[in-house]
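> missing the sequence, but the structure's below:
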């Protein structure tokens, strides 16, 4: 007989296993091999544990045109969830939100606001995050900060809502109050 905990894990995995995800780490130093990517591998492990299927992982420079091209490639290949990490701060080289806004068709401001609100309880620097999120086609794109600590804290905020969000984006008809 299944324990309650095992049953809940199986139910969660069954809800998420049909969804693919990609992680794109945006770091000029990381793309040159000058900085180890810790947030990308963490996010991959976290989402796999939730039952999502890894479709792609890449470390690339935080350059507008490259980000746009990569996000469009992932959307066109049918990836359900695209998580970026890095490039969301106020530095002149941080252009991830601008590139993401160019790709998305509809914003999901509640996701971004929830992450900033939760982070603000831990550090005043959270108000400097410019990350955004949104939908293009049937893909949900979410910008996370680049540090491992901030990426971990932010993904934990959105994890509970992701299965329902992805289901709805992909045409699911369940009511929001019952999913």
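Sure thing, it's come through. This one's a predicted model, so the numbers in the text were calculated from it and none came from an experiment.
> tally of neighbours for residue 168?
Counted with other C-beta atoms under 10 Å, the neighbours of residue 168 add up to 15. Heads up, the C-betas are built off the backbone N, CA and C, glycines and all.
> ok, and residue 82, which helix or strand is that part of?
For residue 82, the host element (DSSP states H and E) is strand 81-85.
> name every strand pairing with that strand and say which way it goes.
Strand 81-85 pairs in its sheet with strand 20-26 (parallel), strand 139-144 (parallel), by DSSP bridges.
> save these as JSON lines, and put in mean pLDDT, mean neighbour count and distance to residue 58 too.
Formatted as JSON lines, the strands paired with strand 81-85 follow (pLDDT from 0 to 100; neighbours: other C-beta atoms under 10 Å; distance: least, C-beta to C-beta, whole Å):
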{"stretch": "strand 20-26", "mean pLDDT": "98", "mean neighbour count": "25", "distance to residue 58": "5"}
{"stretch": "strand 139-144", "mean pLDDT": "98", "mean neighbour count": "27", "distance to residue 58": "14"}
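> how about these in JSON lines, adding distance to residue 125?
Putting the strands paired with strand 81-85 into JSON lines (distance: least, C-beta to C-beta, whole Å) gives the following:
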{"stretch": "strand 20-26", "distance to residue 125": "18"}
{"stretch": "strand 139-144", "distance to residue 125": "14"}
